[in-house]
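# Only the shape, not the letters, is given here:
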């Protein structure tokens with residue numbers, strides 16, 4: 001009998017991928033091909049082939065037709081693919097018909113992203129959000145296919161119609177599951193609200209990192225806080241929001257939040273399901289938009305991120321916090337382009353304040369922290385305060401919860417302070433120290 005061990009490691013799926021396009025303006029560029037390849041890799045599949053296909057007349061039944069469909073079928077068979085990814089939106093009927101024609105599992109862009117999210121979710125909250133998105137997606141794709149699965153007939157006689165069908169039973173079952181998940185996530189939302197209130201009551205400014213997936217947010221987060229969150233050069237390395245304490249010179253402690261990355265054509269199911277997480281961005285005092293400036297499509301990706309943020313703003317009725325930009329991955333650019341970006345950031349000619357950074361080498365981190373501090377201070381109201389020697393408790397409070405920019409000790413022992421306070425902390429100070437007068441300072 002052979003003593004060789006049997007390798008029981010599952011064999012990764014082999015995936016064939018096409019990106020359909022119709023109009024010349026929609027033809028995928030190198031960045032889109034690279035992004036799709038990265039998504040397939042993030043799913044743990046071996047990529048057999050990836051190519052764009054010009055679909056002049058999309059078929060209502062298969063999306064693809066004629067020679068394109070036949071060529072795809074031959075390539076799937078020749079490459080022994082177990083998965084076909086259509087990087088576009090498929091209707092339920094198109095997906096079902098393509099699976100029959102290709103004799104393998106077929107998923108579209110939304111299904112691909114959902115599969116990746118399912119692999120990445122680690123916390124209970126993340127798994128709840130992914131499951132809600134998956135069930136919402138599946139419910140929208142229930143089609144009347146198996147009429148022979150009708151369970152009973154309603155009424156009596158030959159003219160009576162079918163009773164409950166398998167389709168109706170599945171829809172009812174999914175509705176029950178969705179209602180349960182939404183209830184669980186509502187509890188998560190309440191818990192997050194209490195945690196945010198606790199941070200605000202403690203006087204911590206909240207700063208959230210946002211940006212396109214794989215822009216380097218988690219690596220930058222680790223660099224700024226000394227944390228060790230999972231960071232890898234792949235899409236959606238971060239799903240579950242992580243919060244760490246960040247020390248800002250002159251302002252004290254702040255809370256830095258690492259959030260899930262955005263992507264082109266981010267599925268609606270995901271935005272809705274991850275609302276409890278995305279609320280962290282709306283509740284922040286400042287957003288740092290992390291941009292991968294080494295990408296040729298950086299500007300288009302910026303617009304994708306801003307469109308998601310604007311949607312959240314419209315749906316919540318809550319204005320977005322101020323935004324600054326971290327022009328990241330500067331180390332991947334030629335030296336002449338690096339210098340051009342440095343000059344542009346220093347000149348401040350762009351609408352949004354920005355600094356260049358390399359999360360990998362640490363370049364620009366101090367400049368980013370200084371810009372964060374300056375941006376938060378700009379949102380504070382400035383007050384002049386005069387304290388007597390017996391009012392040391394008020395002085396200590398202002399140094400802990402305010403941004404003290406000047407302190408002058410007079411010959412008679414009195415102390416003059418210039419301090420920035422948020423509206424909430426102004427109210428707390430007046431309540432706690434009613435005998436100390438705050439003199440509002442207007443910007444010069």
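Noted; the coordinates are in hand. What you see is a predicted model, and the numbers here were worked out from it, not measured in a lab.
# Got the domain ranges for the protein?
Here the domain assignment for the chain is 14-111, 198-378, 381-440, based on automatic domain parsing.
# Report pLDDT for residue 388.
Model confidence at residue 388, expressed as pLDDT, equals 92.
# what residues are up against residue 20?
Taking C-beta atoms under 8 Å, 6 or more residues apart in numbering as the definition of contact, the neighbours of residue 20 are 52, 53, 55, 58, 63, 64, 86, 87, 88. C-beta: built from backbone N, CA, C; applies to glycine.
# where does it land in three-state SS?
Reduced to three states with DSSP: H, G, I helix; E, B strand; the rest coil, the structure at residue 20 is strand.
# Kindly report the same for residue 304.
Under three-state DSSP, residue 304 falls in the helix class.
# now the residue lying closest to it once chain neighbours are set aside, what's its secondary structure?
Beyond its immediate neighbours in the sequence, the residue positioned closest to residue 304 (C-beta to C-beta, 6 or more residues apart in numbering) is residue 264, lying 5.2 Å away. Under the three-state scheme (three-state DSSP), the conformation of residue 264 reads as coil.
# So what's the residue count around residue 264?
17 (other C-beta atoms under 10 Å).
# what's the answer for residue 169, then?
Other residues close to residue 169 by other C-beta under 10 Å number 13.
# Adding distance to residue 187, write the domains of the chain out as a markdown table.
Putting the domains of the chain into a markdown table (distance: least, C-beta to C-beta, whole Å) gives the following:
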| stretch | distance to residue 187 |
| --- | --- |
| domain 14-111 | 27 |
| domain 198-378 | 10 |
| domain 381-440 | 26 |
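# wait, which of these is closest to residue 169?
For these, proximity to residue 169 was assessed by C-beta to C-beta; domain 14-111 is nearest, at 17.3 Å.
# Quick check: end-to-end length of the closest one?
According to C-alpha to C-alpha, to the nearest Å, domain 14-111 extends 16 Å from its N-terminal end residue to its C-terminal end residue.
# Kindly provide the whole-number mean pLDDT of it.
Summarised as a single mean, pLDDT over domain 14-111 is 90.
# swap in stretch 139-148?
Averaged across stretch 139-148, pLDDT comes to 54.
# just stretch 321-336 next, same as before
If you average the pLDDT values across stretch 321-336, you get 93.
# Show residues contacting it.
Residues outside stretch 321-336 that contact it (C-beta under 8 Å, 6+ apart): 208, 215-216, 220, 281-282, 284-294, 338, 341, 345, 350, 352-361, 363-364, 368, 371-372, 375, 378-379.
# Keep only those of these that are in strands.
Secondary-structure check on those using DSSP state E: residues within strands are 208, 286, 287, 288, 289, 290, 291, 292, 354, 355, 356.
# now, among these, which is nearest to residue 260?
Of all the ones in strands among the contacts of stretch 321-336, the one sitting nearest residue 260 is residue 208; the distance, using C-beta to C-beta, is 11.0 Å.
# Residue 288 is in contact with that closest one, correct?
Yes - assessed by C-beta atoms under 8 Å, residue 208 is found in contact with residue 288 at 7.2 Å.
# and the two? which has more neighbours close in?
Counting neighbours by other C-beta under 10 Å for residue 208 and for residue 288 shows that residue 288 has the greater number, 27 against 24.
# Tell me what the more buried one is bridged to.
Residue 288 has the following beta-bridge partners by DSSP bridges: residue 209, residue 324.
# Now for it: which residues touch it?
Applying C-beta under 8 Å, 6+ apart, the residues contacting residue 288 are 207, 208, 209, 210, 323, 324, 325, 326, 368, 372.
# Please enumerate the helices of the protein.
30-42, 66-78, 92-102, 109-120, 124-140, 166-201, 217-225, 268-273, 275-282, 298-316, 335-347, 365-378, 392-401, 423-432 (DSSP state H).
# Pick the most buried one from the ones you listed.
Ranked by mean neighbour count under mean count of other C-beta atoms under 10 Å, those are led by helix 217-225, which reaches a mean of 23.
# That one vs strand 286-292, what angle?
120 degrees (axes from the mean of the first three to the mean of the last three C-alpha atoms, to 10 degrees).
# Which strands or helices does helix 217-225 pack on?
Counting contacts by 3 or more C-beta pairs under 8 Å, 6 or more residues apart in numbering; DSSP states H and E, helix 217-225 packs against strand 206-211, strand 242-248, strand 252-258, helix 365-378.
# tell me the angle of that helix relative to helix 365-378?
Here helix 217-225 runs at an angle of 80 degrees relative to helix 365-378 (the same axes, to 10 degrees).
# so how far is helix 217-225 off the chain centroid?
Relative to its parent chain, helix 217-225 has a centroid offset of 15 Å by C-alpha atoms, centre = their mean, to the nearest Å.
# Stretch 401-412 too?
Between the centre of stretch 401-412 and the centre of its chain there are 41 Å (C-alpha atoms, centre = their mean).
# same deal with stretch 97-107?
Per C-alpha atoms, centre = their mean, the displacement of stretch 97-107 from the mean C-alpha position of its chain is 31 Å.
# isn't residue 38 right up against residue 214?
Yes - look at residue 38 against residue 214 with C-beta under 8 Å: they come within range, at 6.9 Å.
# Check the gap between residue 76 and residue 18 for me.
Shown here: residue 76 relative to residue 18, a distance of 10 Å by C-beta to C-beta, to the nearest Å.
# Can you flag the buried ones in the ones in strands among the contacts of stretch 321-336?
208, 286, 287, 288, 289, 290, 291, 292, 354, 355, 356 (16 or more other C-beta atoms under 10 Å).
# got any ranges where the stretch 151-300 of the chain has weak pLDDT?
Using pLDDT under 70 as the threshold, the predicted model of the stretch 151-300 of the chain has low-confidence ranges 151-167, 189, 192-203, 227-241, 249-252, 267-269, 272-277, 279.
# Filter the contacts of residue 20 down to the buried ones, ChimeraX style.
Paste this into ChimeraX to select the buried members of the contacts of residue 20, with burial taken from 16+ other C-beta under 10 Å:
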select :52,53,55,63,64,86,87,88
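# between the contacts of residue 20, which is closest to residue 107?
Relative to residue 107, the closest of the contacts of residue 20 is residue 86; by C-beta to C-beta it sits at 7.5 Å.
# how deep is the closest residue to the closest one other than its chain neighbours tucked in, by neighbour count?
Among residues not flanking residue 86 along the chain, residue 108 sits closest, at 5.2 Å (C-beta to C-beta, 6+ apart). The burial count assigned to residue 108 is 22, neighbours taken as other C-beta under 10 Å.
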